[in-house]
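[1] Sequence and predicted structure are below.
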Amino acid sequence: MSRLKKISSRVIDDAKKKLAGLKAISETIDLGNGLSATAYEAIIKDTETILEFYDELLSQADAALNDFLRKEAALREINLRMVDAVASKYGHDSNEYEKIGRTRKSDRKRPVRKPKAA
C-alpha cells in the first residue's frame, strides 16, 4: 500500500519552460529586484530538490508501514497462541481465561428462540 509519489510538478515544468524562454532572450538576463535567470534557476533547482526529498520520505514511510504491518501480523499470531495456551492449560471456563480478556464459557448467554406465532 504505497503512497502516491509526486515525482513531477506542473509548476516546476512551467518554470523550466519560462527559464528556457528567458535564456533565449539573454543568458544573463537581469530584470532587477533580484529577478534574474540565475536566481530563477536556483529556485527551480531548490524546489526540485525538496520534491525529491519528499518522495524519498514517502518511500521511507512506505517501508516503515510495511515493517509495522509485518510485526503486527506476527503479534496477532502470538496473541492467538497465548489465548490458546491459556485455554489449553486452564480451560475455557477458568478465571485465568477471563483474566486475559476472554469470556468464560459459563458466562456466555445461549440464544433463546422465540416461539412461532400460531
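    That came in fine, so what should we check first?

[2] And stretch 39-49, how far out from the chain middle?
    28 Å (C-alpha atoms, centre = their mean, to the nearest Å).

[3] And for stretch 45-52?
    For stretch 45-52, the distance to the chain centre is 22 Å (C-alpha atoms, centre = their mean).

[4] quick one: contacts of it?
    6, 7, 8, 9, 11, 12, 15 (C-beta atoms under 8 Å, 6 or more residues apart in numbering). From N, CA and C alone the C-beta is placed, and that goes for glycine too.

[5] Remind me which helix or strand the first one belongs to.
    The one in question is residue 6. Secondary structure from DSSP states H and E places residue 6 outside every helix and strand.

[6] Neighbours of it, how many?
    Residues near residue 6, counting by other C-beta atoms under 10 Å, number 12.

[7] Residue 103 too?
    Residues contacting residue 103 under the criterion other C-beta under 10 Å number 11.

[8] C-terminal to the longest helix along the chain, what's the next element?
    Ranked by residue count and defined by DSSP state H, the top helix of the chain is helix 37-90. The helix or strand immediately downstream of helix 37-90 is helix 95-99, counting by DSSP H and E.

[9] Please point out which parts of that next one sit buried.
    By 16 or more other C-beta atoms under 10 Å, the buried positions in helix 95-99 come out as residue 97.

[10] one step back: quick one: mean pLDDT over the longest helix of the chain.
    For helix 37-90, mean pLDDT is 95.
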